[in-house]
Structures are given as C-alpha cells and as structure tokens.
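J.: Sequence below, structure please.
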Amino acid sequence: MKAKLGMSPIAWWNDDLAELSDDVSLEECLRQSRSAGFTGMEKGRRFPEDPKEMLPILKAADVTLCGGWFSGTLTHEDLSKNKDRIAPMIELFKAVNAPCIVYGEVGLSIQGDKSKPLAKKAVLDDSEMKAYAKRMTQFGEWCAEQGMPLSYHHHMGAVVQFEHELDSFMNNSGEGIPLLLDAGHLAFAKGDVLRAIDKHHKRINHVHTKDVRDSVLSFLDWNKHSFLDAVEMGAFTVPGDGSLDFGHIVNKFAGHGYEGWFVVEAEQDPKKNPPLKMAQVGHKELMRVMTAAGYTVETQGFPNGI
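T.: Below you'll find the model as predicted:
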C-alpha cells in the first residue's frame, strides 16, 4: 500500500489567531516541512492564487499542493453562491494537480468566535440534517463534475462535530461528498476514531493526523471555553507528542486499504512549539507507525508532468 505525507501551514500561520503565527515566508514554511520529510503542503493564506505564481514556488521546494480549506455556507446559503465562490479555487487546484478541496462548514459555526463557548454550538434536527446532507451531496457532485473532488471536514464548533452527527450526515448524504477523517477533532468531540473509520472508510478520501493533549481537554469547561480558547491552551499537537495512539489509527486505515494523503494539521503556538521541531516529531512518528502497518511512503514531492 502506498501513502503520502503532507502538512498544513496552520503550524506556521494561524488564520483565526494571528498571534499564533510565525513571521516566516511561504518559501521558508515549505523548506522547513520538506526538510522534515513531508512531500505535500495544504494551501494557506500566504499562497498565491495564480497557478503561474504557485507552481514555480512548489517546484523549487519540491512539494505538491495536497489540499486546502474552503469555507462553505450550505447550512444557510444556496448552492449557486457556494459554486460561485469555489469555482476559482477549483480551477487553481486543477492547474496545480491537487487531490481535493477540503470543505469546512462555517455557516452557523462557532469555531472562529471566542465569545461562544463550546456548549453553544448549533445543532441541526433530523430534518435539517437530512436537507443539509442532500445539499452537500449535490455540491460535492457538482465539484467533481468540474474536475475537483471535495473532502468533507467534520469540525469542532460546526454542525457536524459529534460522532452521532457525523453518522447522521454520512447516512443522509451520498458518495458524491467524500469524507475527511480528522482524528484530533473527533477525539476532541469525545468520539471513537477507530469506530468511525470502520463505519465510514468507504467514503474517506483524505486524512488529517491531528493529535490531542488529554491533559488540556480534561481541563476544558465547555460552558466557558471556546474552540479558540482550547487552541490557545494547547489542545492540539502532532502525532508523537499527544495522547492518541496513531499506531492503532494507521493500522485501522491500512486494514481497510486506504491509500492517499495523511496530513499533519496541528494548530498551536509556534513560539512554544516550533513548527520545524513539531514537523520532525510528527514525521518520525508517522513513518514509524506507517512502516509497521505495511505502508510505503512516497518520497517524490513536486509531481512530474506539470
């Protein structure tokens, strides 16, 4: 089985918490992650929007674009508005040969609002979830028809956060909207990561290997602390530095034949947790558990032929 290892630039620049950002260039971010062994990087705010500008930067760093976040609003806005906003991103991602666009639902979400405690997140009832899942399926099918698949990101603070919400979303949506499984977000939401992989492995097309610190999660007061409070307190980290057993998690993916990207995405304070050091820790741990699980990790960065 083959797999690829990527990172998210959120370890260097946090889009929601500017104070948790290193003052480093895109080129330095790519250099550090590549030196740690990663061959891919998801898109961040310092990436150019023109493929003619992005491709030379990626090629010089020997890195491929392995995904990137789209802020979707299908909980309350129609398909046409979301299609209009994502269309340029689809063309960009096609031009640089990215595997997928990560769909994150920000409609009704409290993930970026420090004034809203975790317990105040929006909840969809059964009929609302069914209608939302149907719209998401239609949107995912349309994006795939344009040449770029989506990967749906369940997320703390969003309408699909808890394991039962993920199950409901998956049961009411179709194959047209694949799933991004994020171990850290599901563990934060007190879900069973291994069980979720068993249930939904056929639709998983992208993986985020975010780890958590149980010491921080156990301290959180969901009636007081926001999602961003939790980030600032150090709830997330990289594999090998947290509380999750990625040996079991990766073995579970291997058992279901998953091949594709495993992306380290761990937002935390770069001054307390230097991104290069964290990249090295995360890569070492993932290589250890992936080799044991029978994966061959690809070492080529920038793809040939583009």
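J.: Endpoint to endpoint, stretch 183-192 covers what distance?
T.: Distance between the two ends of stretch 183-192: 9 Å, counting by Cα to Cα, to the nearest Å.
J.: So which bits of that stretch are buried?
T.: 183-189, 191 (16 or more other Cβ atoms under 10 Å). Placement of C-beta: from N, CA and C, glycine included.
J.: Tell me how far it lies from the chain's centre.
T.: Chain-centre distance of stretch 183-192: 13 Å, with Cα atoms, centre = their mean, to the nearest Å.
J.: on that earlier part again, closest to residue 209 out of the buried residues of stretch 183-192?
T.: Closest to residue 209 out of the buried residues of stretch 183-192 is residue 183 (6.2 Å), distances taken as Cβ to Cβ.
J.: Tell me who's in contact with the closest one.
T.: 193, 207-211, 244, 246, 249 (Cβ atoms under 8 Å, 6 or more residues apart in numbering).
J.: Just want to check the distance between it and residue 6.
T.: Residue 183 is 15 Å from residue 6, where distance means Cβ to Cβ, to the nearest Å.
J.: re the thing from before, take the buried residues of stretch 183-192 and keep only those in helices.
T.: Residues of these located in helices (DSSP state H): 183-188.
J.: how about those in JSON lines, adding pLDDT and distance to residue 132?
T.: JSON lines is the format used below for these (pLDDT from 0 to 100; distance: Cβ to Cβ, whole Å):
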{"residue": "183", "pLDDT": "98", "distance to residue 132": "24"}
{"residue": "184", "pLDDT": "98", "distance to residue 132": "23"}
{"residue": "185", "pLDDT": "98", "distance to residue 132": "18"}
{"residue": "186", "pLDDT": "98", "distance to residue 132": "19"}
{"residue": "187", "pLDDT": "98", "distance to residue 132": "24"}
{"residue": "188", "pLDDT": "98", "distance to residue 132": "22"}
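J.: and which of these is nearest residue 13?
T.: For those, the nearest to residue 13 is residue 184 (18.6 Å; Cβ to Cβ).
J.: Give the burial count for the residue lying closest to that closest one once chain neighbours are set aside, as a bare number.
T.: In this structure, residue 184 finds its nearest non-sequential neighbour in residue 210, 2.8 Å apart by Cβ to Cβ, 6 or more residues apart in numbering. Residue 210: 27 surrounding residues under other Cβ atoms under 10 Å.
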